[in-house]
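# give me the fold of what follows.
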Amino acid sequence: MRQEPAPLTRHLRVRQERGHTVLELRGEIDLAAATEIAPHLDRETSRRAARVVIDLSRIEFFDCSGLRLLYRARSRVLDRDGQLLLVCAHPLTLRVLRITGLSRLLPPQPTLDAALEQPEAASGSV
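I've put the predicted structure just below:
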């Protein structure tokens, strides 16, 4: 039985899975949550050649503050020759990702397993 890691914040859990660091965002991701999450996200995306998955499967709300987190994480990981993958299946969040064009830069996968099965070249490296 896999034990769930303790949250770093009310909105973030971080764990290792198949050689990737998984950042699981939870609840409402708004300005207050993004401010709480950002230092942890920066720490996890600061390593050279980091392999990171941002999992949005447990979010309830996602605004432009969350989009900024995703774009910042993508930029930081790619600047350090890493890989960033995104998990998202929520229709409204997917719509926001499509409308803003972020889904072209960081193609969302429907599940964590699907993301972890992606080849390295399939990450948000366009």
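# could you point out the longest helix of this structure?
Longest among the helix segments of the chain by residue count, using DSSP state H, is helix 64-79.
# and for it, what are the contacting residues?
23, 25, 29-31, 33-34, 37-38, 41-42, 45-46, 50, 52, 54, 56, 59, 83-84, 86, 96-97, 100, 102, 105-106, 124-125 (C-beta atoms under 8 Å, 6 or more residues apart in numbering). In short, each C-beta sits where N, CA and C put it, glycine included.
# taking these one by one, which sit in strands?
Residues of the contacts of helix 64-79 located in strands (DSSP state E): 23, 25, 29, 52, 54, 56, 59, 83, 84, 86.
# confidence score at the fourth one?
To tie it back to what came earlier, the one meant is residue 52. Looking at residue 52, its pLDDT is 97.
# how close does the residue nearest to the spatial centre of the chain sit to residue 26?
For the chain, residue 54 is the residue whose C-alpha lies nearest the centre (C-alpha atoms, centre = their mean; 1.8 Å). Applying C-beta to C-beta, to the nearest Å, the value for residue 54 to residue 26 is 12 Å.
# try residue 113
19 Å.
# can you check residue 10 too?
Distance, residue 10 to residue 26, by C-beta to C-beta: 8 Å.
# where does the prediction get shaky in this structure?
Flagging of the chain using pLDDT under 70 yields the residue ranges 1-7, 120-126.
# and for the closest residue in space to residue 112 that isn't next to it in sequence, the neighbour number?
Nearest residue to residue 112 in three dimensions, chain neighbours excluded: residue 87, at 5.3 Å (C-beta to C-beta, 6 or more residues apart in numbering). For residue 87, the neighbour count with other C-beta atoms under 10 Å is 22.
# how much space is there between the spatially closest residue to residue 33 that is not a sequence neighbour and residue 106?
Spatially, and ignoring its direct neighbours in sequence, residue 33 is nearest to residue 11 (4.3 Å; C-beta to C-beta, 6+ apart). Here residue 11 is placed at a distance of 19 Å from residue 106 (C-beta to C-beta).
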